[in-house]
Each structure stands twice: as structure tokens, then as C-alpha cells.
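Student: Here's a sequence, model it:
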Amino acid sequence: MSSIANRIAEITAALPPEKQAEVLDFVDFLKARTRPEHAATPPRRLGTLAGQFTVPDDFDAPLPPRGPAILRGRGERCARKDLVSRLLIDTHIWLWSLGSPERVTPGVRSAILDADEIVLSIASI
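Tutor: A predicted model of the protein is given here:
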């Protein structure tokens with residue numbers, strides 16, 4: 001192992017198990033986003049899901065004041081009550097959290113449940 005890998009292993013070993021899981025989630029994220037330099041970006045194909053679902057007309061309407069139950073914070077709160085945690089999530093993460101929560105990583109599920117406010121990105125629409 002390289003000296004960097006050894007250092008990461010030392011630091012991670014000293015963390016509690018739940019923080020080690022977060023480190024592993026982040027490493028998986030980095031690995032998924034890393035492409036060999038010689039790998040070509042696959043061409044995008046639009047319309048591959050045409051006819052398989054319908055986006056409602058009010059899809060981008062504001063959420064109810066407290067949002068669906070899955071989005072309500074249930075975890076520990078910050079000691080300072082004047083701070084609000086606002087979480088920006090992509091639309092597909094929100095849809096997965098409602099319909100297929102097992103597809104959302106534990107770290108993201110925890111962030112969704114602990115946030116005071118959820119903001120949905122409309123960039124994917």
C-alpha cells in the first residue's frame with residue numbers, strides 16, 4: 001500500500017463505525033466518478049424511457065410545508081436551535097427515497113432524515 005493509503009487506513013481505523021461507513025460511501029462515490037483517461041464518454045441517448053412514465057404537470061410545484069413523512073427530520077439536531085440544516089438533493093434521489101429507499105445510500109438516507117429542510121434540484125427536469 002502507498003503511504004497515502006496507509007495514512008487513510010490509520011485515520012479511518014480511529015473513527016467510530018458509523019463514520020467509517022461514511023468514509024466508505026465517499027470512497028465509493030469517488031470511485032464511481034473516476035474514469036480511466038483513455039475511456040471515452042458514452043454517447044447520450046435521449047428518449048430511452050419514452051412512454052414508460054409520465055411527469056405530472058405540477059411536478060415542479062412547491063412541496064407541502066413539511067413535505068412527505070420520509071423527508072421529515074428524525075435524527076439528532078444541532079445544539080444551536082437557530083441553525084437550520086438545508087439539504088439540496090437531486091430529483092432522482094428524492095424519487096428513490098419515496099419509492100425505493102434501498103437504492104439510497106445509508107449516508108444520504110441519514111442526511112435526508114436529519115435535515116430541517118429539503119430543497120429539490122430542478123436541474124434534472
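
Student: residue ranges for the helices of the chain, please.
Tutor: Secondary structure of the chain, counting by DSSP state H: helices at 3-13, 17-33, 91-99, 106-114.

Student: Can you say which of those helices is nearest to P43?
Tutor: In terms of Cβ to Cβ, the element of the helices of the chain nearest to P43 is helix 17-33, at 19.1 Å. Any C-beta I mention is one placed from the backbone N, CA and C, and that applies to glycine too.

Student: where does the residue positioned nearest the centre of the chain land on pLDDT?
Tutor: The centroid of the chain falls nearest to V108 when counting by Cα atoms, centre = their mean (4.3 Å). If you check V108, the pLDDT there is 85.

Student: For it, which non-adjacent residue is spatially closest?
Tutor: Across the structure, with Cβ to Cβ, 6 or more residues apart in numbering as the measure, the residue nearest V108 apart from its sequence neighbours is I93 (6.4 Å).

Student: How about T105?
Tutor: Nearest-residue entry for T105: D25, 5.2 Å, with adjacent residues in sequence omitted and distances by Cβ to Cβ, 6+ apart.

Student: wait, that neighbour sits on P106?
Tutor: Yes. Under the criterion of Cβ atoms under 8 Å, D25 is in contact with P106, at a separation of 7.0 Å.
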